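1. Predicted coordinates and the sequence they were generated for:
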Amino acid sequence: MAAVEFFRNIFRIFWRAWFYGWVFFSILAALPILIVVISSDRFYKTFFKIAIAWGKTIVFVMGFKPVVTYEQEIIPNTSYMFIANHASLIDVMLMLSVMKNPAVFVGKKELRKLPVFGYVFRKTSIYVDRSSEKSRKEVYVRAQKKLDQGLSICIFPEGLVPEESVTLAPFKNGAFRLAIEHQIPIVPMTFYDVKKRFSWTFFSGWPGKLRVKVHPFMETKGLTLDAMEDLKEKAYNLIHTELVNDAKING
């Protein structure tokens, strides 16, 4: 058994290097085109098509197979707030594989510092400094601009990837405040396998299925910010219950 685990870990070293290599060099190769399509907001939908192809490619070359269950269909040309649990490096690529509508990601400002990826993130996403109240307020202004362009918003409401022992960290307010203020439906998703398949622990994970469930949408029309806490709790309980029940069945 020790020998088997040793060779599995050798595979994981090359497998992880394969991931970082694909992420870095695929963006680098596409950079001349990306510089053009991210130069203006009017090209964003073209950029998003490239992003979807990129996300699906990374998922494929890593040996993952998304298996998506839709409990409610996503309607084209409609603005949504997409949310999901956040537990893996592969989450963004998986989300791109699932979403059908052009969307803008909201992420932490530290991502701007990553080589190559950080440049594209800075130009195409909404970044936030969670320690700055001014930065948090600016997110709402930028999000409104994107929604006015007919785009959707994507947020991982835990904010940060939680510790390995944590099933689901508490949700931040941002996604739910934005959804209510802009009266757009929330699309909650459960990513069942991301932590098992490709967690932040280096010597872990393995190729295989990445199951996703797109839950019934949570409507916000007519709601005020007084309903935000209830909405956030409902979304949290939905995804947490799915993860806990799945762990009992599949380990």
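-> It's in. Numbers count the residues shown, from 1 in each chain.
2. Confirm for me that residue 111 is in contact with residue 128.
-> No: judged on CB atoms under 8 Å, residue 111 makes no contact with residue 128 at a distance of 10.3 Å. Every residue, glycine included, has its C-beta placed from N, CA and C.
3. which one of the two has more residues nearby?
-> residue 128 (21 against 16; other CB atoms under 10 Å).
4. so who does the more buried one touch?
-> Applying CB atoms under 8 Å, 6 or more residues apart in numbering to residue 128 gives the contacts 106-109, 135-136, 138-139, 174.
5. Is there a quick PyMOL command that grabs whichever of those are buried?
-> Selecting only the buried entries of the contacts of residue 128 in PyMOL, with 16 or more other CB atoms under 10 Å as the criterion:
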select buried, resi 106+107+109+136+139+174
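6. Of the contacts of residue 128, just say which sits nearest to residue 153.
-> residue 106 (6.4 Å; CB to CB).
7. Tell me, how many residues neighbour the closest residue to residue 90 other than its chain neighbours?
-> Leaving aside its sequence neighbours, residue 90 sits nearest to residue 198 (CB to CB, 6 or more residues apart in numbering; 4.6 Å). Other residues within reach of residue 198, judged by other CB under 10 Å, total 27.
8. average model confidence for stretch 155-165?
-> Summarised as a single mean, pLDDT over stretch 155-165 is 87.
9. Put the alpha carbons of it into CSV.
-> What follows is stretch 155-165, C-alpha atoms only, in CSV (Å, rounded to 0.1, in the frame of the first residue of the first chain):
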residue,chain,number,x,y,z
ILE,A,155,-19.6,35.3,-6.6
PHE,A,156,-18.3,32.5,-4.3
PRO,A,157,-20.1,33.8,-1.1
GLU,A,158,-17.7,32.2,1.4
GLY,A,159,-15.2,34.8,0.3
LEU,A,160,-12.2,32.6,0.8
VAL,A,161,-11.5,28.9,0.5
PRO,A,162,-12.1,27.5,3.9
GLU,A,163,-10.0,25.0,5.9
GLU,A,164,-10.1,21.4,4.6
SER,A,165,-12.1,20.4,7.7
